[in-house]
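Asker: Fold the following for me, if possible:
(one chain, ligands or ions: 2)
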Amino acid sequence: MAAAPSTPLLKDELDIVIPTIRNLDFLEMWRPFFQPYHLIIVQDGDPTKVIKVPEGFDYELYNRNDVNRILGPKASCISFKDSACRCFGYMVSKKKYIYTIDDDCFVAKDPSGKDINALEQHIKNLLSPSTPFFFNTLYDPYREGADFVRGYPFSLREGAPTAVSHGLWLNIPDYDAPTQLVKPLERNNRYVDAVLTIPKGTLFPMCGMNLAFDRELIGPAMYFGLMGDGQPIGRYDDMWAGWCTKVITDHLSLGIKTGLPYIWHSKASNPFVNLKKEYNGIFWQEELIPFFQSVTLSKEATTVQKCYLELAKQVKAKLGKVDGYFNKLADAMVTWIEAWDELNPPKGAITTTNSPAVKSK
Ligand SMILES: O=c1ccn([C@@H]2O[C@H](COP(=O)(O)OP(=O)(O)O[C@H]3OC[C@H](O)[C@H](O)[C@H]3O)[C@@H](O)[C@H]2O)c(=O)[nH]1
Ligand SMILES: [Mn+2]
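Answerer: Ligands and ions are numbered 1, 2, ... in the order given. Next up is the predicted model:
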């Protein structure tokens, strides 16, 4: 097992958010890389179940009772019985950066056989600029041993601040149910040694399994849409967040990167269960994508919250006719921003603080 870096980068500026319904034994494998960081565990499902966390990790844990206690009626915007609940962890964090990972994701090895410190690579991705305005054909120009290629405008070489780092997965790929059913044995064994900026004006399917972001730059846009219990759709929470986030980062001239780091995704969820969850999403997305491609935000939308509220209005106006669910989702988007601002008042604002989470050492 590789030794973690001596002085962990952003040790006190980054929280690791884990949505879970099970004991977190998977942390043993991540211990060298994760132990120095604070964890925010969002326990989904039955709040009376006790989630075991390995000794030695510094964490806070929130179950549904905590979500309801802290948010009151606004808890309605946080999904139940779906990994989308993880976004509650983004809201209660006080740190500048977030890394979120699923509990069936393990340390992968690079082609040389070395353990991949996924967190370290995400931090590198976030701390170096993105190039959304002009594509660099030699991939990440800020990486050791690479640069901007001939013809790349010098006026654009400062790049843009990076808001999101989207990592990938070896072994079980994040396929939708139809693809999973057709290719049950397919495994992703291809390690591509590259980090790319997703060009401005291009949407992408954001997976929440191995994802990091700058909470201060883009946090309020990272609402993982209403899924799970009582909802007509599932497994589109991260997709929704990714589409909203991308139109907002484009508008605010921020960047999103995808590629390294890889994690090892250990198990495939049930494709038949997934098909039921995804069914509506598979045809709704044929209307959602043109909607997001045509979204325009006003010049008055200068903050993520203002962008997000403008977006929520357009969702209600233009997607409500696709299905009544989008009216509910648009309302939940507004509730999410209200809850976010309540828990994250501008610095210096006086507020009544909610009682703290169940803290465990
Ligand atoms: O009701 C639930 C079910 C699961 N979780 C936690 O969410 C994480 C993902 O669960 P799992 O690995 O079983 O699902 P996948 O199909 O592999 O995940 C993909 O689809 C759902 C998400 O978008 C996810 O990011 C995708 O990768 C895991 O930590 C479970 O413990 C839950 O909180 N509630
Ligand atoms: Mn999984």
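Asker: need the residues of the stretch 51-200 of the chain near ligand 2, please.
Answerer: The interface of the stretch 51-200 of the chain toward ligand 2, taken as CB under 5 Å from the ion, is made up of 102, 104. Every C-beta, even on glycine, is put in place using the N, C-alpha and C of the backbone.
Asker: what sits against whatever residue of the stretch 51-200 of the chain ends up closest to ligand 2?
Answerer: For the stretch 51-200 of the chain, the residue positioned closest to ligand 2 under CB to the ion is residue 104, at a distance of 4.2 Å. With contacts defined as CB atoms under 8 Å, 6 or more residues apart in numbering, the neighbours of residue 104 are 26, 265, 266, 267.
Asker: which one of these has the most neighbours?
Answerer: residue 265 (23 neighbours; other CB atoms under 10 Å).
Asker: Who does it form a beta bridge with?
Answerer: When assigned by DSSP bridges, residue 265 has beta-bridge partners residue 105, residue 171.
Asker: Do you know the pLDDT at it?
Answerer: Among the per-residue scores, residue 265 holds a pLDDT of 98.
Asker: how far away is it from ligand 2?
Answerer: In this view, residue 265 and ligand 2 are 6 Å apart by CB to the ion, to the nearest Å.
Asker: swap in residue 298?
Answerer: 39 Å.
Asker: for residue 315, same thing?
Answerer: In this structure, residue 315 and ligand 2 are 28 Å apart, going by CB to the ion.
Asker: host element of that residue?
Answerer: Under DSSP states H and E, the secondary-structure element containing residue 315 is helix 304-319.
Asker: Which residues does that helix contact?
Answerer: Contacts of helix 304-319 from elsewhere in the structure, counted by CB under 8 Å, 6+ apart, are 217-221, 223, 244, 247-248, 251-252, 287-288, 291, 295, 297-298, 300-301, 326-327, 329-331, 333-334, 336-337, 340-341.
Asker: and the next element down the chain from it?
Answerer: Scanning forward in sequence from helix 304-319 by DSSP H and E, the next helix or strand is helix 325-343.
Asker: List the buried residues for that next one?
Answerer: Under the neighbour-count criterion of 16 or more other CB atoms under 10 Å, helix 325-343 has 325-337, 339-340, 342-343 buried.
Asker: what do you get for stretch 105-115?
Answerer: Those would be 105, 106, 107, 108, 115, for stretch 105-115 by 16+ other CB under 10 Å.
Asker: so which of those residues comes closest to residue 151?
Answerer: Within the set of these, residue 108 lies nearest residue 151; the separation is 34.9 Å, counting by CB to CB.
Asker: Setting aside sequence neighbours, what's the nearest residue to the closest one?
Answerer: Ranked by CB to CB, 6 or more residues apart in numbering and with sequence neighbours excluded, the top spatial neighbour of residue 108 is residue 264, at 4.0 Å.
Asker: which stretches of the stretch 101-250 of the chain form strands?
Answerer: When secondary structure is read from DSSP state E, counting those that start in this stretch, the stretch 101-250 of the chain shows strands at 105-106, 162-171, 195-197, 210-214.
Asker: got a markdown table for those, with distance to residue 40 too?
Answerer: Below are these laid out as a markdown table (distance: least, CB to CB, whole Å):
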| stretch | distance to residue 40 |
| --- | --- |
| strand 105-106 | 16 |
| strand 162-171 | 18 |
| strand 195-197 | 26 |
| strand 210-214 | 14 |
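Asker: name the element residue 87 belongs to?
Answerer: Assigned by DSSP H and E, residue 87 belongs to helix 87-92.
Asker: got the CA coordinates for that helix in PDB?
Answerer: Listed next in PDB are the C-alpha coordinates belonging to helix 87-92 (Å, rounded to 0.1, in the frame of the first residue of the first chain):
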ATOM      1  CA  CYS A  87     -25.800  16.800  -1.600                       C
ATOM      2  CA  PHE A  88     -26.800  17.500   2.000                       C
ATOM      3  CA  GLY A  89     -23.200  16.900   2.900                       C
ATOM      4  CA  TYR A  90     -22.200  19.600   0.500                       C
ATOM      5  CA  MET A  91     -24.600  22.000   2.200                       C
ATOM      6  CA  VAL A  92     -23.500  21.400   5.800                       C
END
